[in-house]
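Asks: Structure, please.
(2 chains)
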There are 2 protein chains.
Amino acid sequence: MSILVVGTVAYDTVETPFGRADRVLGGSATYASLAARVLGADVELNAVVGGDFAEAHVDALRDRGVGLDGLVRDEAGKTFFWEGRYGHDLSSRDTLTTDLNVLATFEPDLPASLRAPEIVCLGNLDPVIQGAVIDQTAAAAPLVVADTMNFWIESAPEALAETIARVDVLLVNEEEARQLADTPSLVKAARDIRAMGPRTVVIKKGEHGALLFCDDDVFAAPAYLLETVADPTGAGDTFLGGFAGHLARSGARSSEAMRQAVVVGSALASFVVESFGPDRLLETTSDDLDGRLEAFQRLASVPALVF
Amino acid sequence: MSILVVGTVAYDTVETPFGRADRVLGGSATYASLAARVLGADVELNAVVGGDFAEAHVDALRDRGVGLDGLVRDEAGKTFFWEGRYGHDLSSRDTLTTDLNVLATFEPDLPASLRAPEIVCLGNLDPVIQGAVIDQTAAAAPLVVADTMNFWIESAPEALAETIARVDVLLVNEEEARQLADTPSLVKAARDIRAMGPRTVVIKKGEHGALLFCDDDVFAAPAYLLETVADPTGAGDTFLGGFAGHLARSGARSSEAMRQAVVVGSALASFVVESFGPDRLLETTSDDLDGRLEAFQRLASVPALVF
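Replies: From the prediction side, this is the model:
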């Protein structure tokens, strides 16, 4: 298997200025798995759902080719539920409800067949659980690509630091980077985070694009420009899955490959925000992605300048 | 003459998390003129100062080659004064004082020698004054490149609309674009603003770069990445002057030339924010700029992707 995705599979209720969706399929592992599948990567998912998880959603993942040997169903509990509301310009959101449900007691115990991935893709999740997954796959020496969130930076800074020390590529958003390194400067934050362990740091800036810091290379990528965004939920997780999916496909780990992975992650994230929930991502084809990558290159191409 | 710059020449008192500067040389025309001079453009400035304007500051502009035939000295009054304070991450600022002083009664009456520029570069200023400058140079049919500000969008929307209708390239920042077009979508805002008249719209996003909309072309440029920013004052005006300076130097008006102008404007703006006031810009050489343009191209270069 090329990619093991570990994270949440959830039901989300989301309100944005453009509409509302109730109890749609969500979660970091859902978006990351589906994104990696657009690249054709061999993807296995490890996550827990409750007795209320609809068979139609299991089918939706299976139909897109996501391996479900690691999907644990805890019949006695309910699926993780998140409810949020986005502000006027979609750059801020309030969490209204977080019901951990079956996630509260989840401890990953990977089937043997899932313990030798080339890439481990850790969606936002308790850093202790992320660390356990790194333990269980360590023998295969996979590339570890991980996301985290302000919640863990505030509530579990030590466990998070221990996990980050074992991560190869850390993806964080702008505010999280500043918070993690306690500096307003993103350049300093990236340096400090890399000093914690990761060779590569990607700072996601939503509609403003992303910054990549890898070895001595720094890359500033804009976001793909959309006229309207329906729902930003899952954009960061989709970026993560697209990033990992590109590295799985290319096999390279150079900073050039990381630059490409940022562009692929950005392009895939631009699909998911066009609809509520994962609907648009569920129908995105490899051709759709290629078209958007071409458009991205036109959009972001720096003109030659004669010096 | 290639560029006529009209705007404010001011004294600024600025406080940022990194320090404070009292009554330093400032103003939109100051920064725009100095920036265009780095490109070697033939620049004439039209602005008013008071009796308190220091001879040393006249010399500073003259030493950098800014033509001062249009610098009006109103001995009875005082120079325009602005005082502001920036927040923690420099993305927001509060205006503490605005003393219009001699600016309150300024009406441009250009010397004949200044009425035939190739490019008119209008810094942030009362749109009625901007319109008068367009009138006085209209016979030469110059390219009109203009900036504006939320203050005029709120206080003089009709005069501003009349001026914008006569502008070829409008530069606004992100929030101003949203306000001017009354939409959160920057793509829609750019389309609406272009429908008001300008062929080209540049939306400046500060540390997040800039968006260019020209004919059917859209370009998303990141900002040059700095470890620390001392004082953002004048960055937008410097961008404007660099943009105009590039067009003057290249002679082209194609969307490709506009893309180049965005990159040059961004690169020059990255110098000015490194110091308080125009100190860093006053010593920036053409070689400094070329070095930063090369670094910018490495930073922003989108990798090739095999489809």
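Asks: neighbours around the spatially closest residue to A:Gln179 that is not a sequence neighbour, how many?
Replies: Counting by Cβ to Cβ, 6 or more residues apart in numbering or on different chains, A:Gln179 lies nearest to A:Ile153, which is 5.2 Å off, once chain neighbours are set aside. Bear in mind the C-beta positions are built from the backbone N, C-alpha and C, glycine included. By the criterion of other Cβ atoms under 10 Å in any protein chain shown, A:Ile153 has 18 neighbours.
Asks: tell me the phi and psi of A:Ile153?
Replies: Reported as degrees, to the nearest 10, the phi and psi values for A:Ile153 are phi -60, psi -40.
Asks: Surely it touches A:Ala159?
Replies: No. Applying Cβ atoms under 8 Å, one finds A:Ile153 not in contact with A:Ala159, separated by 10.8 Å.
Asks: returning to what we had before: show me the contacts for the residue nearest to A:Gln179.
Replies: In this structure, A:Ile153 makes contact with A:160, A:176, A:179-180, judged by Cβ atoms under 8 Å, 6 or more residues apart in numbering or on different chains.
Asks: let's see it at 10 Å
Replies: A:127, A:160-161, A:172, A:175-177, A:179-180 (Cβ atoms under 10 Å, 6 or more residues apart in numbering or on different chains).
Asks: just curious, which of those residues is nearest to B:Leu289?
Replies: Closest approach to B:Leu289 among the contacts of A:Ile153 (Cβ to Cβ): A:Ala177, at 29.4 Å.
Asks: That closest one and A:Asp192 touch, don't they?
Replies: Yes. Judged on Cβ atoms under 10 Å, A:Ala177 makes contact with A:Asp192 at a distance of 9.0 Å.
Asks: So for these two, which residue has more residues nearby?
Replies: Taking other Cβ under 10 Å, A:Ala177 and A:Asp192 do not tie; A:Ala177 has more neighbours (26 against 16).
Asks: From A:Ala189, how far out is that one?
Replies: 4 Å (Cβ to Cβ, to the nearest Å).
Asks: Now list whatever residues contact both of these two.
Replies: In contact with both A:Ala177 and A:Ala189: A:183, A:201, A:203, A:211, using Cβ under 10 Å, 6+ apart.
Asks: Could you measure from the last one over to B:Thr95?
Replies: It refers to A:Leu211. With Cβ to Cβ as the criterion, A:Leu211 and B:Thr95 are 30 Å apart.
Asks: Those two: which is more packed in?
Replies: A:Leu211 (24 against 10).
Asks: A helix includes the more buried one, no?
Replies: No. According to DSSP: H, G, I helix; E, B strand; the rest coil, A:Leu211 belongs to no helix; its state is strand.
Asks: Before we move on, what's the pLDDT of it?
Replies: On the pLDDT scale, A:Leu211 is placed at 98.
Asks: Surely it and A:Glu174 touch.
Replies: Yes. In this structure, A:Leu211 is within contact of A:Glu174 by Cβ under 10 Å, at 8.6 Å.
Asks: Give the residues shared as contacts by those two.
Replies: Common neighbours of A:Leu211 and A:Glu174, counting by Cβ under 10 Å, 6+ apart, are A:186, A:189, A:203-205.
Asks: so where do the helices sit in chain A?
Replies: If DSSP state H is used as the criterion, the helices of chain A fall at A:28-38, A:55-63, A:127-137, A:150-155, A:157-164, A:174-181, A:186-195, A:235-250, A:255-272, A:279-282, A:286-300.
Asks: which one of those helices has the lowest average pLDDT?
Replies: Among the helices of chain A, helix A:150-155 carries the lowest mean pLDDT, a mean of 91.
Asks: Buried residues, that one. List them.
Replies: Residues of helix A:150-155 classed as buried: A:152-153 (neighbour count, 16 or more other Cβ atoms under 10 Å in any protein chain shown).
Asks: Please apply the same query to stretch A:14-24.
Replies: Neighbour-count burial for stretch A:14-24 [16+ other Cβ under 10 Å]: A:14-16, A:21, A:23-24.
Asks: Stretch A:211-222 too?
Replies: Going by 16+ other Cβ under 10 Å, stretch A:211-222 has these buried residues: A:211-214, A:218-222.
Asks: and what of stretch A:26-43?
Replies: Here stretch A:26-43 shows A:26-39, A:41, A:43 as buried, counting by 16+ other Cβ under 10 Å.
Asks: out of these, who's nearest chain B?
Replies: Chain B has its nearest neighbour among the buried residues of stretch A:26-43 in A:Leu39, at 11.5 Å by Cβ to the nearest Cβ.
Asks: Quick check: nearest residue in space to the closest one, chain neighbours excluded?
Replies: A:Gly245 (3.3 Å).
Asks: how far away is the one you found from A:Met258?
Replies: Using Cβ to Cβ, A:Gly245 is found at 13 Å from A:Met258.
Asks: now swap in A:Asp42 and tell me
Replies: From A:Asp42 to A:Met258 the distance is 21 Å (Cβ to Cβ).
Asks: Need the per-residue pLDDT for the residue of the stretch 1-150 of chain A found nearest chain B.
Replies: Among the residues of the stretch 1-150 of chain A, A:Asp89 lies closest to chain B, at 4.6 Å counting by Cβ to the nearest Cβ. For A:Asp89, the model assigns a pLDDT of 73.
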